[in-house]
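K.L.:
sequence below, structure please.
(chains A, B, C and D)
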Number of protein chains: 2
Amino acid sequence: MTGTGGTGPKSPRERYRAQVRAEIKQHAWEQIATAGASALSLNAIAKRMGVSGPALYRYYAGRDELITELVTDAYRSLADTLRPAAEQGADLAALAHTVRAWALADPQRYFLVYGTPVPGFRAPAGTTAVSDEIMAMLLDACAALPAAEPAAPFAAHLAERRERAGGHPAPPAALHRALSFWTRVHGVLSLELAGHFTGMGFDPAQLFAAELADLLSR
Amino acid sequence: MTGTGGTGPKSPRERYRAQVRAEIKQHAWEQIATAGASALSLNAIAKRMGVSGPALYRYYAGRDELITELVTDAYRSLADTLRPAAEQGADLAALAHTVRAWALADPQRYFLVYGTPVPGFRAPAGTTAVSDEIMAMLLDACAALPAAEPAAPFAAHLAERRERAGGHPAPPAALHRALSFWTRVHGVLSLELAGHFTGMGFDPAQLFAAELADLLSR
DNA sequence: TCGACGCGTTAGAGCCTCTAACAGAAGCAC
DNA sequence: GTGCTTCTGTTAGAGGCTCTAACGCGTCGA
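P.N.:
Modelled structure (predicted):
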């Protein structure tokens, strides 16, 4: 699942600690997948692990820290899923289907990243780097396209603001395309995963494919 | 806010009861707007109303019933906001801006309808009628367009499935357009309200306008 | 006027998060 | 190997939440 990071475990205590933290997270994922993030309970996890409640506070400072780590893990998981495809020069269609497969594999993980935000609490610090990497992969795929777009008003707006904001090394037209791709993929996926298409008598995959085809035909 | 329904209050007790229920809901909306739906607490509302905890259980069977009513109210609020515009024959652009204004006025209300679903718990019974009305307004606006689309694969898919599913009285092309409109508007709005565009150095309103223009140019 | 109903109260069970104080085991230096 | 230190898990408990039960009391309606 998670690739071995740069920091290798050294002492046996750190080894054990990392293992217990991973076990806690695994139980947390199971709990989230079945009951949603709002129902996540450290106490319930402890009970399932055959350990008594406050023991988990040795490994996570609190419920918020655990959820925060789950969010960043979910973000990283998406980037890790996209990276191999992007490195092999996948086009936007392949990227779209990769995102969709990732979302369908665990809807609550998707919503952990792109779902309802809690007003106070956002952007777990390590997130922006991963977000930037995802955006960079999208931009690469967009820059590889013909891009015969005449200067649209939004592209002009992007060009105007680009100097002020953090540097995107892509032309405004590619950035526009990447943003449109992102919002449209999210639009279909979010409504599909939330069940807003159930009972409407069509296949969400077909709508997704149609949106993608329309997006690519521009 | 909520139009006077068909059932007028009769006895003074029912009058009082309806008033207290409305007051509870108002406090609930304030609490949700500032802390999100997951932080909604009947106890906190009671404290704010200067009343003791379990008193509120005379008016709502529990937290779930209150939230369910808030969800249906939010749904109805969107339909009520859209209806005047739709009745005056507003086009898709006007509808889109109406939806956006409604969403920006209270993001948490938007997420109550279109945000992260709780796995077990969905579709509060009176919701499908409101959802159908919203879809009908969209379909009317879409049917009024030129619609010179040649039979796309997704429209064919819709035509094929249409007989089996509940009757949509609109041609497949219009339904396709309505679905695309819905998903694209939601895609931009959801990401904007969740704050995924902050720090990217562009105006979300411009992206929304660009998406809308692209959608209408089809 | 008087009965019945509805309202708000407190008490309490059971869940949760999280802190504090304590006992035991494992690692590490010597 | 011995002993110190550090980390681990334990129980106790405070304070919050949802929700039920049992109890006075006021008000509505006949």
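K.L.:
remind me what the worst-scoring helix or strand of chain A on mean pLDDT packs against, helices and strands.
P.N.:
Comparing helices and strands within chain A by mean pLDDT, DSSP states H and E singles out helix A:153-162 as the least confident, with a mean of 87. Under the contact criterion of 3 or more Cβ pairs under 8 Å, 6 or more residues apart in numbering or on different chains; DSSP states H and E, helix A:153-162 touches helix A:172-193, helix B:204-216. Heads up, the C-betas are built off the backbone N, CA and C, glycines and all.
K.L.:
only C-alpha atoms, please: export it in CSV.
P.N.:
C-alpha atoms of helix A:153-162 as CSV (Å, rounded to 0.1, in the frame of the first residue of the first chain):
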residue,chain,number,x,y,z
PRO,A,153,-11.5,35.2,-21.5
PHE,A,154,-10.7,32.8,-18.7
ALA,A,155,-7.3,31.9,-20.2
ALA,A,156,-6.6,35.7,-20.3
HIS,A,157,-7.7,35.9,-16.7
LEU,A,158,-5.3,33.1,-15.8
ALA,A,159,-2.4,34.7,-17.7
GLU,A,160,-3.0,38.0,-15.9
ARG,A,161,-3.0,36.4,-12.5
ARG,A,162,-0.2,34.0,-13.1
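K.L.:
list the buried residues in it.
P.N.:
Neighbour counts over helix A:153-162 (16 or more other Cβ atoms under 10 Å in any protein chain shown) mark A:Phe154, A:Ala155, A:His157, A:Leu158, A:Arg162 as buried.
K.L.:
before we move on, the earlier item: in CSV, list the helices and strands packed on helix A:153-162 along with mean neighbour count, mean pLDDT and distance to DNA strand D.
P.N.:
CSV is the format used below for these (neighbours: other Cβ atoms under 10 Å in any protein chain shown; pLDDT from 0 to 100; distance: least, Cβ to the nearest atom of the strand, whole Å):
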stretch, mean neighbour count, mean pLDDT, distance to DNA strand D
helix A:172-193, 23, 96, 26
helix B:204-216, 18, 97, 34
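K.L.:
mind checking which of those is nearest DNA strand C?
P.N.:
DNA strand C sits nearest to helix A:172-193 of all the helices and strands packed on helix A:153-162, at 24.9 Å, using Cβ to the nearest atom of the strand.
K.L.:
and the angle for the closest one with helix A:204-216?
P.N.:
Put simply, helix A:172-193 runs at 170 degrees to helix A:204-216, going by axes from the mean of the first three to the mean of the last three Cα atoms, to 10 degrees.
K.L.:
can you give me the angle helix A:172-193 makes with helix A:153-162?
P.N.:
Using the same axes, to 10 degrees: helix A:172-193 against helix A:153-162 is 110 degrees.
K.L.:
which other helices and strands contact helix A:172-193?
P.N.:
Secondary-structure packing of helix A:172-193 (3+ Cβ pairs under 8 Å, 6+ apart): helix A:92-105, helix A:107-114, helix A:127-143, helix A:153-162, helix A:204-216, helix B:172-193, helix B:204-216.
K.L.:
distance from the third one to the middle of the chain?
P.N.:
What it means is helix A:127-143. Remark: helix A:127-143 is offset 12 Å from the chain centroid, using Cα atoms, centre = their mean, to the nearest Å.
K.L.:
that helix to helix A:92-105, inter-axis angle?
P.N.:
Using the same axes, to 10 degrees: helix A:127-143 against helix A:92-105 is 140 degrees.
K.L.:
who's in contact with stretch A:195-202?
P.N.:
A:191, A:204, A:207, B:114, B:117, B:122-123, B:128, B:157-158, B:161-162, B:164-166 (Cβ atoms under 8 Å, 6 or more residues apart in numbering or on different chains).
K.L.:
let me know the closest of the residues you listed to DNA strand D.
P.N.:
Closest to DNA strand D, out of all of these and judged by Cβ to the nearest atom of the strand, is B:Arg122, at 17.0 Å.
K.L.:
quick one, phi/psi of the closest one?
P.N.:
Main-chain dihedrals, B:Arg122, degrees, to the nearest 10: phi -150, psi 170.
K.L.:
B:Ser77 is nearest to which of the helices and strands packed on helix A:153-162?
P.N.:
Of all the helices and strands packed on helix A:153-162, it is helix A:172-193 that lies closest to B:Ser77, at 19.0 Å by Cβ to Cβ.
K.L.:
could you give the angle of the closest one to helix A:107-114?
P.N.:
140 degrees.
K.L.:
helix A:172-193: how far from the chain's middle?
P.N.:
Distance of helix A:172-193 from the chain centroid (Cα atoms, centre = their mean) equals 13 Å.
K.L.:
C-alpha coordinates for it, CSV please?
P.N.:
Written as CSV, here are the backbone C-alpha positions of helix A:172-193 (Å, rounded to 0.1, in the frame of the first residue of the first chain):
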residue,chain,number,x,y,z
PRO,A,172,-2.8,29.4,-19.5
ALA,A,173,-4.7,27.3,-22.1
ALA,A,174,-3.2,24.1,-20.6
LEU,A,175,-4.1,25.3,-17.1
HIS,A,176,-7.6,26.1,-18.2
ARG,A,177,-7.9,22.6,-19.7
ALA,A,178,-6.6,21.0,-16.5
LEU,A,179,-9.0,22.9,-14.3
SER,A,180,-11.9,22.0,-16.6
PHE,A,181,-10.9,18.4,-16.6
TRP,A,182,-10.6,18.3,-12.8
THR,A,183,-14.0,20.0,-12.1
ARG,A,184,-15.8,17.9,-14.7
VAL,A,185,-14.4,14.6,-13.5
HIS,A,186,-15.2,15.6,-9.9
GLY,A,187,-18.7,16.7,-10.9
VAL,A,188,-19.7,13.3,-12.3
LEU,A,189,-17.8,11.2,-9.7
SER,A,190,-19.0,13.1,-6.7
LEU,A,191,-22.7,12.9,-7.7
GLU,A,192,-22.3,9.3,-8.7
LEU,A,193,-20.6,8.2,-5.5
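K.L.:
what sits against the residue positioned nearest the centre of chain A?
P.N.:
Nearest to the geometric centre of chain A sits A:Tyr75, at 3.9 Å (Cα atoms, centre = their mean). By Cβ under 8 Å, 6+ apart, the contact list for A:Tyr75 reads A:Val113, A:Thr127, A:Val130, A:Ser131.
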